[in-house]
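**Q** The following comprises the amino acid sequence and a computationally predicted model.
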Amino acid sequence: MSVQEETPSRSAHIIVVGNEKGGSGKSTVAMHVAVALIKSGQSVATIDLDSRQRSFTQYMENRRAWAAHVGRDLQIPQHLCIGDKDFPKDATGCEALADAVDGLAQAHGFIVVDTSGHDSDLSRLAHSIADTIVTPLNDSFVDFGVLGTVDPETFGVTGTSHYAEMVDAARHQRRQIDNVFPDWIVLRNRLSSLGSRNKRLVGEALADLAQRLDFRCIDGLAERLIFREFYPRGLTAVDDLDEITLGTRPTMSHVTARLEMENLLSSMRLNGVAVASETGGFNRDAA
């Protein structure tokens with residue numbers, strides 16, 4: 001199905017988290033954005049397009065189970081799992097995704113979609129209907145390859161890669177169809193707090209690509225053990241940092257992770273998401 005056939009006008013803001021390389025932190029980012037939106041007073045639905053790995057879906061299931069365990073309302077979005085395992089290279093899968101988005105958009109202001117770590121018809125369709133595309137990228141040239149190629153001697157950018165070309169084409173087609181040009185955000189994950197030659201070179205290459213492809217590059221998540229510890233309980237850094245919710249006493253690691261996520265969400269400039277208030281909660285954006 002073409003992008004033109006599958007890009008109807010919708011009132012919901014669709015956020016697609018995509019990267020054709022595994023281990024980039026897509027599910028972590030998708031979960032944090034979804035929960036932050038809910039805490040900002042928004043109605044949110046989520047979709048997992050990786051029915052094989054089901055990382056996003058498992059995250060939701062962990063959250064539901066932990067909420068029951070601690071007796072807290074952890075504000076869980078309406079969630080669906082529709083993936084390539086269910087519809088391998090089948091137009092029926094694209095129709096199912098389009099129908100799901102249309103249905104969810106009737107009752108929700110935001111839909112957060114986590115894509116699989118490989119190219120697929122479902123992933124392409126998701127990118128073609130996105131209002132915001134978020135690409136988490138580990139800060140190394142190994143992962144940079146999903147966006148572009150570099151000269152082995154100078155590390156200068158020599159071209160764009162398959163995923164970047166797919167996103168670029170989807171955005172320009174969307175603009176031609178309904179005059180919407182999706183915001184594309186690249187998150188530099190696992191950034192070192194110390195300056196290094198690799199950090200500088202990757203940054204320069206990303207800045208070059210950002211000019212060519214018109215995306216915004218912002219700091220993502222550092223390599224923090226606390227984000228891995230959140231997953232089994234379905235928690236996020238934007239949840240209440242109290243002993244009952246966390247199941248343990250809050251530490252500086254929790255506070256640091258929260259501040260890092262607040263900075264990330266603020267940089268994303270999503271309408272409806274406000275960064276933390278003085279009391280540490282999330283409020284609706286007055287703007």
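**A** The structure has been received and is ready for your questions. Residues are numbered from 1 along each chain as shown.
**Q** The stretch 101-250 of the chain: helices as residue ranges?
**A** Remark: helices assigned in the stretch 101-250 of the chain by DSSP state H, counting those that start in this stretch are 121-128, 141-144, 162-178, 197-213, 225-230, 243-246.
**Q** Buried ones in the host helix or strand of Gly93, by neighbour count?
**A** Following DSSP states H and E, one finds Gly93 within helix 91-105. Residues Gly93, Cys94, Ala96, Leu97, Ala98, Ala100, Val101, Leu104, Ala105 are the ones in helix 91-105 that count as buried (16 or more other CB atoms under 10 Å). For every residue, glycine as well, the C-beta is placed using N, CA and C.
**Q** Which helix or strand contains Ile15?
**A** Taking DSSP H and E as the definition, Ile15 sits inside strand 13-17.
**Q** following that strand, which helix or strand comes up?
**A** helix 26-39.
**Q** can you list contacts of that following helix?
**A** Residues from elsewhere that reach helix 26-39 (CB atoms under 8 Å, 6 or more residues apart in numbering): 15, 17-19, 44, 46, 55-56, 59-60, 75, 77, 110, 112-115, 117, 134, 136, 187, 220-221, 227, 230-231, 234, 236-239, 261, 264-265, 268, 270, 272-273, 281-282.
**Q** For the closest residue to His254 other than its chain neighbours, give me phi and psi.
**A** Among residues not flanking His254 along the chain, Leu241 sits closest, at 5.2 Å (CB to CB, 6 or more residues apart in numbering). As for Leu241, its main-chain torsions (degrees, to the nearest 10) stand at phi -90, psi 70.
**Q** returning to that earlier point: now, which of the contacts of helix 26-39 lie within strands?
**A** Filtering the contacts of helix 26-39 for membership in strands, criterion DSSP state E, returns Ile15, Val17, Val44, Thr46, Phe110, Val112, Val113, Asp114, Val134, Pro136, Leu187.
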